[in-house]
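**Student:** the following block contains a protein sequence and its predicted model.
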Amino acid sequence: MRPYGFVGSSRLRLAEALLPKAVAQWMQQWCFVAPGHITVLDMDTVLHDGIQPDQLWQEVDAGRGKLWIASRMAPVWRHTVFADFCGDMPVDRVSDQMLDTARADLINSLLAAMSLAAVSVAASGAPEVLGNFAGHLGSTRLLLRLVRAQAVLDIVFDASLLEHYLLPAKCVRPLLTRRQALGSTHLAVQVCLPFAQLPLRYIEALRPGDILVGNAQLSQPFQLRCGQSLALAQGFLVQEQGRRAWQIDAGAD
Amino acid sequence: MSDKIDFIELDAPQQVVAGEPPLLHEQAMHRVGHVQVELVAQVGSTHMTVDELFALRAGDVVRLDEQINEPVVLCLNGKVVARGSLVAVEDNFAILLSEIL
């Protein structure tokens, strides 16, 4: 399971500001001269078709997140580093070692640009085909793409690698406790007197001017009710400043 | 010993063939008029929060929205059916009805 998320413009802008610069420096150090173009894309916009599906990728765990890069055997390294001289360079242990070192340096240059500690690329995961890190809606990953002549070098990485650059989240007001919310709810309460038990026909016969004598005696307390609830408390009618009032006698049973 | 059990199947309601059947009302009051129901006199009301309600204690006075001389209401199942003045007849409360709804 992976949380649904999004990269957000802050991390995308950060990646655009930090990473192409690091790649350009790496190219100056390791690559034969050739024009190159470096872009950073939100993986939400790059679906499977956008990256090399048949290439072997290697997962690199950088602690805060992961990145995926073409494995050491991928021809893209030779094209990227040797550029137009690719065909002239021997395929031997020396050139392979140089490419390995260049690859490791690119990974650690990117991590350093994101203020992350270097990793041992050799200890990273085994190469795998395009897997779960591919772009999809709600992806929290970014794609760094270096295009040189016919070579396209893609590096996919978790946006969480840039998380420590984000401003701290705004403090949100603490939630009101349920008890507080309930306590401030307004209720309509009524003061009532169970007045009489009468047959329906008697009630139907009542007319204005009639005096309806109740079963309730004068000493009987009035009840405080809320809607059709049972009595909440009982007390007696009093008056206060020209208004009716009700004084509690004792709690209802 | 075992008894044979048959399940009971209910028929669908019968269709009324023609004309409008008489209402039940006229007969019904005659037949249910003896049924006892409770009338409740509501002498006042007000609003308060749950906290205020829970904080009430013996001796506290709750001021109601009604003036002293306003009529009280008689309720049947929570519905107002009449209004009048609260009076005393001997040792009992009584209501001098002013309005029947």
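**Tutor:** Received it, and whenever you're ready, just let me know what you need. Bear in mind the structure is a predicted one, so any value in this text is a computation, not a measurement.

**Student:** B:L76 and chain A, how far apart?
**Tutor:** Separation of B:L76 from chain A (CB to the nearest CB, to the nearest Å): 7 Å. Where C-beta positions appear, they are placed from N, C-alpha and C, glycine not excepted.

**Student:** may I have the beta-bridge partners of that residue?
**Tutor:** B:L76 forms beta bridges with B:L39, B:K79, as assigned by DSSP bridges.

**Student:** look at the residue in the stretch 101-250 of chain A positioned nearest to chain B and tell me its secondary structure.
**Tutor:** Closest residue of the stretch 101-250 of chain A to chain B, CB to the nearest CB: A:R201 (3.1 Å). Going by DSSP: H, G, I helix; E, B strand; the rest coil, the secondary structure assigned to A:R201 is helix.

**Student:** surely it touches B:R31?
**Tutor:** No: counting by CB atoms under 8 Å, A:R201 sits too far from B:R31 to count as a contact (10.3 Å).

**Student:** what about the nearest residue to the residue of the stretch 101-250 of chain A closest to chain B once chain neighbours are set aside, how many residues nearby?
**Tutor:** Closest residue to A:R201 apart from its sequence neighbours, by CB to CB, 6 or more residues apart in numbering or on different chains: B:G33 at 3.1 Å. When counting by other CB atoms under 10 Å in any protein chain shown, one arrives at 14 neighbours for B:G33.

**Student:** how near is the residue in chain B that chain A sits nearest to to B:V80?
**Tutor:** Distance from chain A to each residue of chain B (CB to the nearest CB) is smallest for B:G33, at 3.1 Å. In this structure, B:G33 and B:V80 are 21 Å apart, going by CB to CB, to the nearest Å.

**Student:** and the helices in chain A?
**Tutor:** A:9-30, A:75-82, A:93-113, A:178-183, A:200-204 (DSSP state H).

**Student:** chain B too?
**Tutor:** Along chain B, the stretches classed as helices by DSSP H are B:25-32, B:50-54.

**Student:** most tightly surrounded among these?
**Tutor:** The highest mean neighbour count among those belongs to helix B:50-54 (a mean of 15), with neighbours defined as mean count of other CB atoms under 10 Å in any protein chain shown.

**Student:** average pLDDT for that helix, rounded please.
**Tutor:** Per-region confidence: helix B:50-54 scores 92 on mean pLDDT.

**Student:** run the chain-centre distance for that helix.
**Tutor:** 27 Å (CA atoms, centre = their mean, to the nearest Å).

**Student:** which residues touch A:L111?
**Tutor:** When contacts are counted by CB atoms under 8 Å, 6 or more residues apart in numbering or on different chains, A:L111 touches A:62, A:117-119, A:161.

**Student:** my error: substitute B:G84 in the last question.
**Tutor:** Shown here is B:G84, whose contacts under the criterion CB under 8 Å, 6+ apart are A:212, B:71-72, B:74, B:95-99.
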